[in-house]
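K.L.:
Provided below are the primary sequence and the corresponding predicted coordinates.
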Amino acid sequence: MKNIWGIILEEIAPGTKKPDMTWMITFWASFTECVIELDAQHKITYIRRKSDSRFSTAGIIGKSILEITAECDRELVACNLDKLKRDDVPYLRFQFMSKNGRYYRWTLVPFYTDGVYSGCHGVIVDVTEQTKKEITLNWQRAVLEESHDFVRIFNMDMRVLYSNPGVCKMTGYDSPAEVPPSKELYSKEHYDAVYSEGLEAVKEHGFWVARGTLIRADGTVLPIEHTMLSIKDYQGKTILIATIIKDITVFLEHERTLEEARLAAEAANIAKGEFLSHMSHEIRTPMNAIIGMINIGLSADDMERKDHCFKKAKDAANHLIELINDVLDMSKIEADRLELSYEAFEFEKALQNIVNITNVRAEEKQLDFIVNLSREVPAFILSDELRLSQVITNLLSNAIKFTPEKGTVTLNIEKTKETGDDVVLMFEVADTGIGISKEQQERLFTSFSQANARISQSYGGTGLGLAISKRIVEQMGGEVSIESELGKGSKFVFTIQTKKMQAPLHEAMDGGHIGTQDGRYDFKGYSILIAEDMDINREIMSAVLAETGISISFAENGKIAVSMFEKSPEKYDLILMDINMPDINGYEATEQIRAIDLKKAKDVPIIAMTANVFKEDIEKCMASGMNDHTGKPIDADELFCKLGQYLKPKGLGE
């Protein structure tokens, strides 16, 4: 078999003198990676390549072309070789990937000996880079064609050169030709942004992204994210501008949902933080009363005085028990562990127990307390007597608390539905009290939230009762609602689903409530102002400080404290300031005192005396202008030590 170079030299007209064909060989070699010859079995018998060719010739002489072909293309190569051998074709050109991962284009010409296929010869060109570019362009084209995003290519005069199908999908037009120009397609604000800052950014930085709005064919408006990119030539000059527009409706909705969830979580954390701070105050306040009154009672010689102190301590202890029960109930509710205990009980008897307790509270405020019990209400019902009584008592307590003297509180109970033994009872608690605004009503039944902090400071309470009541009512298959207007009273209505019973299963159980100083300090000659809204705490402070000889003036709230100091600033050597007070709290009162244009107002020591004892509470006291902090329940030794730091007591160490 002659090699390909010999054949080339023989391809001349018969009888013609053979010319010098070196130029042809040189010409071919200049434009070809390499030349190759294959025998009839397509084994490589000869190969010659250019010095800079990436085609590897090492160890391939004597190998079949299929042996150097990547497995994925072997079938293609085998089919082409069979066709070259079998069919009368002048040449075949095909492309495949070799085992080394490069792409080659082969052009093979068959030759025959005595009419019999003897093999082929041809040329090989490395087309790896070109092929990879084509592959990249193909998948990019496929992505563009299948994408729902709006993609356009503009020249530098902003004339559209290309629009993908996503343009029609997003805008709602039938063809790209129908899509209006940008001025009509975008909102005015977005159009102005694109053709000012957008184009400038693309030309200068090659990139611009902004959000805007797009107007569809049907007039609806889409929120979009608009990206503009520069397409540069080989010299780095921008020659085209690509614009990609994404519909971000779903993204914005997801973003909005996440933001709402974040805000709700933050609000919940804030509410719980405020709740814990409030609970600290609510727990320490009765504890202060209990400890203080017990200490006073223990040191008193007069039995009447002892009885008075211990009664006050008992009242405070009962309040503390109610508070603890509320907190525990809410903890169970939040953990979804509040369980009801259903038993049959005599409804009117249970109601009478509630009325007896409520009457005492109503008489103390000279209120008219009216109870209307419908005859249709079954004598015995199946329910949780304790929890039902808790809800009714809570609503009545609130009604009495927020109703001025000589007002009216009414409890109405009736049956609204009966199906066999199943009964729906409705309870209505109405009052002529201060009322609740619409804004306050929205968060009235929310856990760890209070309708109005000022009101809670004036009237007391944990703010948990209504949230607990709502959960109990819902577990009883009912609903709770409110009708109220500021200054015109309130009406709470709730229903429960129960069963009427012909006879009690067992007797209902009656519920019930479970209910010094060493003389080292001498503060004679000094006068202090104590801002404290609770009379029991004022009484305790009087007793605790009595033996020190200090002169005490009391202010029932922060507003009065500011007024008293402003009238007689030189009278007071120190101020003890409670924090949670109505009208003006301790922080505000301190700030107002410090703002008075007097040297004494700037210098007078102000010590926080509060049950708010968390680190952030102490920092807040200092930030408002206070000098120090002492917690409740009052520790006499700590209090004397604090006073001694500012009043330089007599008798200490003398």
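P.N.:
Thanks, I have the structure now. Numbers count the residues shown, from 1 in each chain.
K.L.:
just checking, next helix/strand downstream of the host helix or strand of Ala467?
P.N.:
Remark: Ala467 resides in helix 465-475, with elements defined by DSSP states H and E. Once helix 465-475 ends, the next helix or strand along the chain (criterion: DSSP H and E) is strand 480-484.
K.L.:
hmm, who's touching that next one?
P.N.:
435-436, 441, 444-445, 469-470, 473-474, 490-494 (C-beta atoms under 8 Å, 6 or more residues apart in numbering). Glycine gets a C-beta too; all of them are placed from N, C-alpha and C.
K.L.:
Tell me which strands that strand pairs with, and in which orientation.
P.N.:
Here strand 480-484 has these sheet partners by DSSP bridges: strand 490-501 (antiparallel).
K.L.:
The strand it pairs with to helix 465-475, inter-axis angle?
P.N.:
Strand 490-501 runs at 30 degrees relative to helix 465-475, counting by axes from the mean of the first three to the mean of the last three C-alpha atoms, to 10 degrees.
K.L.:
and strand 490-501, which residues are buried?
P.N.:
Neighbour-count burial for strand 490-501 flags 490, 492-496, 498, 500-501 (criterion: 16 or more other C-beta atoms under 10 Å).
K.L.:
same thing with stretch 171-180?
P.N.:
171, 173, 179.
K.L.:
secondary structure class for the closest residue to Asp628 other than its chain neighbours?
P.N.:
Closest residue to Asp628 apart from its sequence neighbours, by C-beta to C-beta, 6 or more residues apart in numbering: Ile607 at 4.5 Å. Following DSSP: H, G, I helix; E, B strand; the rest coil, the label given to Ile607 is strand.
K.L.:
For burial, what's the neighbour tally of Ile607?
P.N.:
The tally of other residues near Ile607 (other C-beta atoms under 10 Å) stands at 22.
K.L.:
Next, find the distance separating it from Leu639.
P.N.:
9 Å (C-beta to C-beta, to the nearest Å).
K.L.:
what's the overlap in contacts for those two?
P.N.:
With C-beta under 8 Å, 6+ apart as the test, Ile607 and Leu639 both reach Thr630.
K.L.:
contact partners of stretch 545-563?
P.N.:
517, 519, 521-533, 538, 541-542, 564, 571-572, 575, 577, 581-586, 588-589, 592-593, 640, 643, 649.
K.L.:
Repeat the analysis, applying 6 Å as the threshold.
P.N.:
Residues from elsewhere that reach stretch 545-563, judged by C-beta atoms under 6 Å, 6 or more residues apart in numbering: 517, 521-524, 526-527, 529-531, 533, 538, 564, 581-586, 589, 592-593.
K.L.:
so of those, which ones are in strands?
P.N.:
Using DSSP state E, the members of these that fall within strands are 527, 529-531.
K.L.:
quick one: which of the residues you listed is nearest to Leu464?
P.N.:
Of all the ones in strands among the contacts of stretch 545-563, Ala531 has the smallest distance to Leu464: 27.2 Å, by C-beta to C-beta.
K.L.:
any idea how far Asn627 is from that closest one?
P.N.:
Using C-beta to C-beta, Ala531 is found at 15 Å from Asn627.
K.L.:
which one of these two has more residues nearby?
P.N.:
Neighbours were counted for Ala531 and for Asn627 using other C-beta under 10 Å; Ala531 has more, 31 against 18.
K.L.:
neighbours of the nearest residue to the more buried one once chain neighbours are set aside, just the number please.
P.N.:
Closest residue to Ala531 apart from its sequence neighbours, by C-beta to C-beta, 6+ apart: Ala561 at 3.8 Å. As a burial measure, Ala561 scores 30 neighbours (other C-beta under 10 Å).
K.L.:
what does the one 3 residues further on give?
P.N.:
Applying the criterion other C-beta under 10 Å, we find 18 residues in the vicinity of Met564.
K.L.:
In contact with it, which residues?
P.N.:
Counting by C-beta under 6 Å, 6+ apart, Met564 has contacts Ala555.
K.L.:
hmm, 7 Å instead?
P.N.:
Contacts were defined as C-beta atoms under 7 Å, 6 or more residues apart in numbering; by that measure Met564 touches 529, 553, 555.
K.L.:
Tell me which stretches of the stretch 551-654 of the chain form helices.
P.N.:
For the stretch 551-654 of the chain, the helices defined by DSSP state H, counting those that start in this stretch cover 558-567, 586-594, 599-603, 615-624, 636-647.
K.L.:
could those helices go into TSV alongside distance to Phe94?
P.N.:
Compiled in TSV, the helices of the stretch 551-654 of the chain are given as follows (distance: least, C-beta to C-beta, whole Å):
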stretch	distance to Phe94
helix 558-567	95
helix 586-594	88
helix 599-603	97
helix 615-624	79
helix 636-647	97
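K.L.:
Tell me which of these sits most buried.
P.N.:
Ranked by mean neighbour count, the helices of the stretch 551-654 of the chain are led by helix 586-594 with a mean of 22 (mean count of other C-beta atoms under 10 Å).
K.L.:
Next, work out how far apart Glu414 and Phe369 are.
P.N.:
Distance, Glu414 to Phe369, by C-beta to C-beta: 18 Å.
K.L.:
Neighbour count for these two, which is higher?
P.N.:
Using other C-beta under 10 Å as the criterion, Glu414 and Phe369 rank with Phe369 on top: 19 against 15.
K.L.:
follow-up on the earlier one: which one, of the helices of the stretch 551-654 of the chain, ends up nearest to Gln41?
P.N.:
helix 615-624 (89.8 Å).
K.L.:
quick revisit: in the sheet, who's paired with the residue nearest to Asp628?
P.N.:
Beta-bridge pairing of Ile607, defined through DSSP bridges, involves Leu576, Asp628.
K.L.:
Surely it and Asn627 touch.
P.N.:
Yes. Judged on C-beta atoms under 7 Å, Ile607 makes contact with Asn627 at a distance of 6.3 Å.
K.L.:
ok, now how distant is Arg211 from Val151?
P.N.:
Taking C-beta to C-beta as the measure, Arg211 falls 18 Å from Val151.
K.L.:
about what we covered before: the helix holding Ala467: which residues count as buried?
P.N.:
465-473.
K.L.:
cool, stretch 146-153 as well?
P.N.:
Counting neighbours by 16+ other C-beta under 10 Å, stretch 146-153 gives 147, 149-153 as buried.
K.L.:
now, which of those residues lie within strands?
P.N.:
Short answer: the buried residues of stretch 146-153 in strands (DSSP E) are 150-153.
K.L.:
Identify, from the residues you listed, the entry nearest to Asn295.
P.N.:
Phe150 (79.4 Å).
K.L.:
And the pLDDT for the closest residue to that closest one other than its chain neighbours?
P.N.:
Excluding its sequence neighbours, the residue lying closest to Phe150 (C-beta to C-beta, 6+ apart) is Ile245, at 3.7 Å. Note on Ile245: pLDDT of 93.
K.L.:
Cool, thanks, signing off.
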